[in-house]
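Visitor: model the following, please.
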Amino acid sequence: MQRDQFEKLWFPRVLDNKRGGFHQTWNRRWDAEADSDAAIVVQARYTWSAAAMAEYAPELADKYKSYTAHGIRFLDEIMRDKEYGGFHWRLDPEGRVSDKLGDEKHAYGIAFAIYAACKAYEVTHDPRALAVASDGFDWIEKHGYDAKYGGYHEAFTRDGTPITTWDPNLPLWKRQDRLGVYYGFKTMNTHIHLLEAFAELAKIDQRPLVAQRHEEIHKIVRDKIAVDPGCLNLYFTRDWRATAAHDSFGHDIETAYLLAESAEQLDSAQQEITWKVAKQLVDHALDWGWDEKNGGFYDKGDAIASTAYDTDKVWWIQAEGLNALAYMHNKYGHQTDRYWIALKKQWTFIRKHSVDAEYGDWYWEVTADGKHLGDGQKANAWKACYHTGRSLMNVSRILKKLAAK
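Guide: Below you'll find the predicted structure:
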């Protein structure tokens, strides 16, 4: 199914052959609408998705490698800041720095540039892709590494100066970074994506510092961000004191997968500890954020009290849930059928409600009982084929492996 979806809906439709990179904004009927910017996160996600498809479907590899190279060129030539290094968070629709959009940078965006470039290099062996990945790491290491407390600063001025304070007299939006978080705080969201970026980089960049930072971030996510009984703190002061927030069930299950994948490069003792935490995260999401009646994961709720209070079902959470359940069944299916039962129910809900039967792909969001919300826009600066593509490719591989046993 995923190969057909890519071929019929996404590629080469999304290629922007005039500006470079990928056109970001598509309505429900797949009509192109004007982009408001060129954003590093979605540009990187399209690049990763093209490379992943080249790897997944060898018979399509040649053309998807060309789409991957198209994305890497844009990351390297347009999204890379030629004056100060690193990668712009967003540019104007023509690919230029804009006073209106601002020129701050963010570790979250740079993490995705590294992640995409690593997959591109694995598939194409293009030296440009390796340079994008390694240079992204070098920039965030130079400007963002917190030598005192560990982890990374997240928001930066264009020249790489970390932004760690805010003026309380300013309007709220001027106290927040590009993820909508107070300047100076560290977040779960940025550090789980630094984890996946560094885990991939460690496969292709053999410098000891890369391996060191990969293991360090792995332990931060596993031992500081993840907490009993199986949830994630979202926001932290610089010295890793957690601040009050909800439980994001989607990030719980996504992080379970990212930790398990990351641990494959660590020693067996680290793997054992990591799988215990990953299992806790998925079990907790099934206990507190799972719709037993209809299938599907809710958006958010309290960590250990009451029940989910935002019961809408967002596309990326359903995709990551499918992925995590398949991973858990592959690992623990000989002990319990819990994950297999949930996996089947999850897929049934997705096929019946999340997928747009008329125009294809997935709705952004549906209600708990499956009524789609919004105008059905298929893609924008945040929604692309990345979460769904990664999930379906991974689940397909796991199911084929299990069927062969």
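Visitor: switch to C-alpha atoms for all contacts and neighbour counts from now on
Guide: Will do.
Visitor: got the contact list for the lengthiest helix in the chain?
Guide: As assigned by DSSP state H, the longest helix anywhere in the chain is helix 268-288. Residues outside helix 268-288 that contact it (C-alpha atoms under 8 Å, 6 or more residues apart in numbering) are 222, 226, 228-231, 249, 252-253, 255-257, 259-260, 263-264, 297, 301, 303-304, 307-308, 324-325, 328.
Visitor: among these, which are in strands?
Guide: Here DSSP state E is the test, and those give 226, 231, 301, 308 as lying in strands.
Visitor: state the distance from Ala32 to Thr25.
Guide: According to C-alpha to C-alpha, to the nearest Å, Ala32 and Thr25 sit 6 Å apart.
Visitor: that older thread, just put the ones in strands among the contacts of helix 268-288 in TSV and tack on neighbour count and distance to Glu122.
Guide: Shown next, in TSV, are the ones in strands among the contacts of helix 268-288 (neighbours: other C-alpha atoms under 10 Å; distance: C-alpha to C-alpha, whole Å):
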residue	neighbour count	distance to Glu122
Ala226	23	30
Cys231	29	32
Gly301	20	38
Ala308	22	40
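Visitor: kindly indicate which of those residues lies nearest Leu209.
Guide: Nearest to Leu209 among those: Ala226, at 24.2 Å, using C-alpha to C-alpha.
Visitor: so what's that closest one up against?
Guide: Ala226 touches 232-233, 277, 281, counting by C-alpha under 8 Å, 6+ apart.
Visitor: could I have the longest helix of the chain exported to PDB, CA atoms only?
Guide: Taking C-alpha atoms only, helix 268-288 is exported to PDB below (Å, rounded to 0.1, in the frame of the first residue of the first chain):
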ATOM      1  CA  SER A 268      23.500  -5.500  25.400                       C
ATOM      2  CA  ALA A 269      23.100  -4.000  28.900                       C
ATOM      3  CA  GLN A 270      22.000  -0.700  27.500                       C
ATOM      4  CA  GLN A 271      19.600  -2.500  25.100                       C
ATOM      5  CA  GLU A 272      17.900  -4.400  28.000                       C
ATOM      6  CA  ILE A 273      17.400  -1.200  30.000                       C
ATOM      7  CA  THR A 274      16.100   0.600  27.000                       C
ATOM      8  CA  TRP A 275      13.600  -2.000  26.000                       C
ATOM      9  CA  LYS A 276      12.100  -2.000  29.500                       C
ATOM     10  CA  VAL A 277      11.500   1.800  29.200                       C
ATOM     11  CA  ALA A 278      10.200   1.500  25.700                       C
ATOM     12  CA  LYS A 279       7.700  -1.200  26.800                       C
ATOM     13  CA  GLN A 280       6.600   1.000  29.700                       C
ATOM     14  CA  LEU A 281       5.900   3.900  27.300                       C
ATOM     15  CA  VAL A 282       3.700   1.800  25.100                       C
ATOM     16  CA  ASP A 283       2.000   0.000  27.900                       C
ATOM     17  CA  HIS A 284       1.200   3.300  29.600                       C
ATOM     18  CA  ALA A 285      -0.200   4.800  26.300                       C
ATOM     19  CA  LEU A 286      -2.400   1.700  26.000                       C
ATOM     20  CA  ASP A 287      -3.600   2.000  29.600                       C
ATOM     21  CA  TRP A 288      -4.300   5.800  29.500                       C
END
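Visitor: return the distance of that helix from the chain's centre.
Guide: Distance, stretch centre to chain centre, for helix 268-288: 19 Å (C-alpha atoms, centre = their mean, to the nearest Å).
Visitor: and stretch 53-69, by the same measure?
Guide: Here the centre of stretch 53-69 is set off from its chain's centre by 21 Å, with C-alpha atoms, centre = their mean.
Visitor: now do the strands in this structure.
Guide: Using DSSP E, the strands of the chain run over 38-39, 90-91, 105-106, 155-156, 186-187, 226-227, 231-232, 235-236, 247-248, 300-301, 308-310, 313-314, 365-366.
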